[in-house]
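Undergrad: build me a model:
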Amino acid sequence: MRGFWTAVALLTALLVQSALSQLLPDQARILDPFLIVVVYCSLIGGESHGMLAGFAAGWIQDVHFGGPVAGLSGLTKVVVGFGVGAAGSRFLLTGPGGRALVLFVATLADTLLFERLATAFEVAVQALSIPGLLGRCALNALVGLPLVELLDRRLSREARR
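TA: As a prediction, the model looks like this:
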């Protein structure tokens, strides 16, 4: 059942990213709904589920929105999914403050890792400025936190039934 809901979340992220790309093409890369899905799956399911969700999210991103090297987003999302899952299993990250911090740091790690890997593979990417990078991290945290909290409450309510 977890795999089904992960697929639904990834499909929703694809629809959101596609809509953003059509409506606001210049700002579409600021919000990363796929990363929000990966962070949530990592916090709820641990390292393995986070890595699998990261693999799927990254490949979807690469196929639909990617550049010349397929798998670059997949690799960064796998690493972030593992890191968040490992941190989530070792630290108590159930409160909104901890989850907002995780979303912020995961976005920072994903962006910096993507830029470094793109440089290693000689792929031209437009690097974000420091204010742009911090803005991206803050936006993902601000958008992702209410979604993560809403899903967590809904799933815990269904588990009690």
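Undergrad: show the pLDDT at R157.
TA: Looking at R157, its pLDDT reads 66.
Undergrad: is it true that F114 touches A127?
TA: No - counting by C-beta atoms under 8 Å, no contact exists between F114 and A127, whose distance comes to 10.0 Å. Quick note: C-beta positions are derived from backbone N, CA and C, even for glycine.
Undergrad: neighbour-wise, which of those two wins?
TA: Set side by side, F114 and A127 give different neighbour counts by other C-beta atoms under 10 Å, the larger being at F114 (21 against 12).
Undergrad: find the nearest non-adjacent residue to that one, please.
TA: Distances taken as C-beta to C-beta, 6 or more residues apart in numbering place T76 nearest to F114, at 4.7 Å, with adjacent residues excluded.
Undergrad: in which helix or strand would I find the one you found?
TA: Under the criterion DSSP states H and E, the helix or strand holding T76 is helix 72-90.
Undergrad: what's in contact with that helix?
TA: Residues from elsewhere that reach helix 72-90 (C-beta atoms under 8 Å, 6 or more residues apart in numbering): 34-35, 38-39, 41-43, 45-55, 57-59, 61-62, 66, 93, 102, 106, 109-110, 113-114, 117-118, 121, 123.
Undergrad: give me the buried entries from these.
TA: Among these, those that count as buried by neighbour count (16 or more other C-beta atoms under 10 Å) are 34-35, 38-39, 41-43, 45-47, 49-55, 57-59, 61-62, 66, 93, 102, 106, 109-110, 113-114, 117-118.
Undergrad: of all residues in the protein, which one is nearest the centre?
TA: What sits nearest the mean C-alpha location of the chain, by C-alpha atoms, centre = their mean, is L35, with 0.7 Å.
Undergrad: what is the helix or strand containing that one packed up against?
TA: Using DSSP H and E, L35 maps to helix 33-65. Here helix 33-65 is seen to pack against helix 2-23, helix 72-90, helix 96-120, helix 130-160 when contacts are counted using 3 or more C-beta pairs under 8 Å, 6 or more residues apart in numbering; DSSP states H and E.
Undergrad: now stretch 62-73: average pLDDT?
TA: Averaged across stretch 62-73, pLDDT comes to 82.
Undergrad: what's the end-to-end length of that stretch?
TA: 6 Å (C-alpha to C-alpha, to the nearest Å).
Undergrad: now it: buried residues?
TA: For stretch 62-73, by 16+ other C-beta under 10 Å, it's D62, G66, G71, L72, S73.
Undergrad: which stretches of this structure have low pLDDT?
TA: The model of the chain has pLDDT under 70 over residues 67-68, 156-161.
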